[in-house]
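> Predicted structure and sequence below. I'll ask about it afterward.
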Amino acid sequence: MSFGKELNVLLYVLFGSFDTLTTILSVLYMIGLWRLFVKCGLKGWWALVPIVKYYKLALCADREQEGRTVTLLHTVVTLVYIVNTYMEPGSVPYFFCALLDVACMPAVLIYSARMYSGLCRVFERRRWWVLLWLVAELFPVAPLLWGFRKKYQPLWLAEEIRDDADYYFSGRKAAILDQGLTVNLEERTAWEFFKKKYLLRNIHLSIQPGHMVLLLGGSGAGKTTFLNAVNGYEPAKAEVTINGRNMYKNYKEMQYDIGFVPQADLIRGCDTVYRTLMDTAMLRLPNSFSHAERNERVEEVMDIFGLTPVKGNLVSKLSGGQRKRLSIAMEFISNPTLFILDEPDSGLDGVMARELFTQLRKIADQGKIIIVITHTPDRVIDLFDDVIVLAKDAKRTGRLAWFGPIDEARAFFGKEKMEEIVKSVNREEEGGEGRADEFILKYAEVQHV
Ligand SMILES: Nc1ncnc2c1ncn2[C@@H]1O[C@H](COP(=O)(O)OP(=O)(O)OP(=O)(O)O)[C@@H](O)[C@H]1O
């Protein structure tokens, strides 16, 4: 058999096997893959192209990075096989090639598993399918079922991923302001079950001093995650600057430039209002401040937030509104440039909420930047300048669907009320209109012009 070796190489490259049964199984695998590629918007015949088919499968799985690695590893394994076919068994080079082959295997398994896990996400299937996909070339149940059965449908097409990504990434970075806040957030990720999850992507904006900004978005759109990235509690892959200074790089010196009022405060109930503020002043004001200067600042802040009449009261005896004002006053002690408040009006009635937001408006008018999350924005919307709308795209990543003046937002979404805007980007199963992708793309296009 003069072509024995060449035939072996050809069969190996095409089917990864030499005997009839495994060749048949490999052909079935390719047929399933062909159908699956078509479902995902790719040309079916890629399933016949050795090695490249893994890359195409990774595109269907929205796991391009893993796909590149898997493709590279399969190329190495195939080359090693070809080289070894022509080598003397037992020779030193043969041994090294065999070693390389064995060394590649765990990496092939790990990266393939990650790729298949992406496929399960795109097809909304349980993770145990990964195991069936790992043995699919010898036991092609997964590709045949997913390829032929109607109920196995991808959430989005592989082609679309690239088109959309082009749009999304075309969102220009915000120019860094000498005065004000600039956020250029590329991504904020988290690891979940050995899988990278994109919580936020491509959020670029800058806010001028004196602006009060509403942060809107449906449940789980990433509002808190975004605020935590901006205030540096949970840094993202981002550049955040305040008055032109990089906050992440100078976090220690700049942390008190940002006042962050979380949803639930952690104020001790057994201290008086005055004591609480004096303790905060000790912590946040520079050591160079004398006791008299600290006292003066505390008196000033109590005056601003209407806390002077209750200065001797225990925190536990304050009303909801007073307690809220106290937690804002604590953040105000260090005179921050940027003020971030996560639902400051939760539990407050309409009158108290209006009072609180009017106070915030006054602070903004002093040249500060205020960013607020609230679930009842319409009762105080006249006090705001701009709105940020975050929305979850088809891949459940939080993206920017709008940033700009309130009136322009109304025209952009074709909705009068802020609550209607939230509804329009919320998913249908959450009672919304499911138009998040439409507005994310539209906003990216507007930015691109
Ligand atoms: N560390 C983390 N690891 C994994 N997922 C996370 C992590 N932090 C947040 N998430 C997810 O990110 C998404 C956004 O969460 P986030 O709390 O920022 O939303 P939100 O817009 O503030 O929602 P809500 O209005 O319900 O508070 C959610 O799906 C949440 O489960």
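Done, it's in.
> Output stretch 38-50 as CSV, restricted to C-alpha atoms.
Taking C-alpha atoms only, stretch 38-50 is exported to CSV below (Å, rounded to 0.1, in the frame of the first residue of the first chain):
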residue,chain,number,x,y,z
VAL,A,38,-27.7,27.2,9.2
LYS,A,39,-29.9,27.8,12.2
CYS,A,40,-27.3,30.1,13.6
GLY,A,41,-27.1,32.1,10.3
LEU,A,42,-23.8,30.6,9.0
LYS,A,43,-23.1,28.7,5.8
GLY,A,44,-23.8,25.0,6.5
TRP,A,45,-20.8,23.7,4.5
TRP,A,46,-18.4,25.1,7.0
ALA,A,47,-19.3,21.9,8.9
LEU,A,48,-17.2,20.0,6.3
VAL,A,49,-14.1,22.1,6.6
PRO,A,50,-11.7,20.4,9.0
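> List the buried residues for it?
By neighbour count on 16 or more other CB atoms under 10 Å, the buried set for stretch 38-50 is 39-42, 44, 46-47. For every residue, glycine as well, the C-beta is placed using N, CA and C.
> farthest pair in those?
Farthest-apart pair in the buried residues of stretch 38-50 is G41 and A47; separation 13.9 Å (CB to CB).
> then stretch 353-360 to CSV, C-alphas only?
Only the C-alpha atoms of stretch 353-360 are listed here, as CSV (Å, rounded to 0.1, in the frame of the first residue of the first chain):
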residue,chain,number,x,y,z
ALA,A,353,-39.4,62.7,48.5
ARG,A,354,-40.0,66.0,46.8
GLU,A,355,-38.3,67.8,49.8
LEU,A,356,-35.3,65.5,49.6
PHE,A,357,-34.9,65.9,45.8
THR,A,358,-35.3,69.7,46.1
GLN,A,359,-32.4,69.6,48.5
LEU,A,360,-30.4,67.5,46.1
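> Mind listing what's buried along that stretch?
353-354, 356-357, 359-360.
> Could you check how many residues crowd around the closest residue to the ligand within the stretch 51-200 of the chain?
For the stretch 51-200 of the chain and the ligand, the shortest gap (CB to the nearest ligand atom) falls at A190, measuring 3.3 Å. Using other CB atoms under 10 Å, A190 has 11 neighbouring residues.
> what's the helix or strand for it?
Counting by DSSP states H and E, the element that carries A190 is strand 181-192.
> From the chain's centroid, how far away is that strand?
6 Å (CA atoms, centre = their mean, to the nearest Å).
> is the helix or strand that it is followed by up against the ligand anywhere?
Following strand 181-192 in sequence order, the next helix or strand is strand 195-207 (DSSP H and E). Yes. Counting by CB under 6 Å from any ligand atom, the ligand has neighbours in strand 195-207: 197, 199.
> Please say whether there is contact between the helix or strand just after strand 195-207 and the ligand.
Counting by DSSP H and E, the next helix or strand C-terminal to strand 195-207 is strand 212-217. Yes. Strand 212-217 is in contact with the ligand by CB under 6 Å from any ligand atom, via G217.
> Which elements pack onto strand 212-217?
Contacts defined by 3 or more CB pairs under 8 Å, 6 or more residues apart in numbering; DSSP states H and E place strand 212-217 against helix 223-230, helix 350-365, strand 369-373, strand 386-392, helix 418-425.
> Now do the contacts for the residue in the stretch 251-400 of the chain that the ligand sits nearest to.
Using CB to the nearest ligand atom, the closest approach of the stretch 251-400 of the chain to the ligand is made by G398 at 6.1 Å. Applying CB atoms under 8 Å, 6 or more residues apart in numbering, we find G398 in contact with 199-201, 203, 217, 221-222, 225-226, 390-392.
> Skip the chain neighbours and tell me the closest residue to it.
G222 (2.8 Å; CB to CB, 6 or more residues apart in numbering).
> tell me the contacts of the one you found?
Contacts of G222 (CB under 8 Å, 6+ apart): 188, 199-200, 390, 392, 398.
> Turn those residues into CSV, including distance to I304.
Output for the contacts of G222, formatted as CSV (distance: CB to CB, whole Å):
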residue, distance to I304
R188, 34
L199, 35
L200, 33
L390, 31
K392, 38
G398, 34
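> among those, which two are most distant?
Top of the distance list for the contacts of G222 (CB to CB): R188 and K392, 13.4 Å.
> ok, now how distant is Y94 from V80?
10 Å (CB to CB, to the nearest Å).
> Done for today, thanks.
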